[in-house]
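*Asks:* sequence? don't have it. structure:
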């Protein structure tokens, strides 16, 4: 990801530096290998797969769908990255490949901006783009980020490996 020319702060976090990435890679490859092997055994080699094998057409459809899901799963994990930019014009976040362009975070109604440690599983249900009733999070790994609290009490957490720097940069452009 290329840094914008008016960026005060820039951070790019690929998901690849995370243990969850390797677990997901094993799961995706496992789906592909298991169903690929089942299709090879039953449809190509003509040997029934399992104690109660399904029909060849059903196996081709179901197995093909699971293989496609495994490939899509791997693609998403290999491409997933969170890019955060604080520009002179505002705060921008892009969670690739889910966002095609940067999402501008409104700063006008922010009541507080704080770098903090959080518990991703307990507070947000994990990592990724997390949306709750009055809170939202963008995070890829770790347990540090910047929490923005709006006038209405809604919260937005942006995960960061450099949370203190991000909070300082956001405060520097935030309307007072």
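*Replies:* Received the coordinates, thanks. Given the structure is predicted, the values throughout are model-derived calculations rather than measurements.

*Asks:* and residue 137, how many neighbours?
*Replies:* 23 (other CB atoms under 10 Å). C-beta coordinates here come from the backbone N, C-alpha and C atoms, glycine included.

*Asks:* tell me where this structure has strands.
*Replies:* 7-14, 81-87, 90-96, 103-105, 110-117, 128-131, 135-139, 144-150, 155-159 (DSSP state E).

*Asks:* what pairs with the second one, parallel or antiparallel?
*Replies:* Next to strand 81-87 in the sheet, as set by DSSP bridges, lie strand 7-14 (antiparallel), strand 90-96 (antiparallel).

*Asks:* and these, which one's lowest on average pLDDT?
*Replies:* Note on those: lowest mean pLDDT is at strand 7-14, with a mean of 89.

*Asks:* what residues sit buried inside that strand?
*Replies:* By neighbour count on 16 or more other CB atoms under 10 Å, the buried set for strand 7-14 is 7-11, 13-14.

*Asks:* so, low pLDDT: which residues of the protein?
*Replies:* 1-2, 4-5, 16-18 (pLDDT under 70).

*Asks:* give me the most central residue, it.
*Replies:* In the chain, the centroid-proximal residue (CA atoms, centre = their mean) is residue 128; its distance is 3.4 Å.

*Asks:* now do the contacts for that residue.
*Replies:* 95, 139-140 (CB atoms under 8 Å, 6 or more residues apart in numbering).

*Asks:* repeat the analysis, applying 7 Å as the threshold.
*Replies:* The contact partners of residue 128, by CB atoms under 7 Å, 6 or more residues apart in numbering, come to none.
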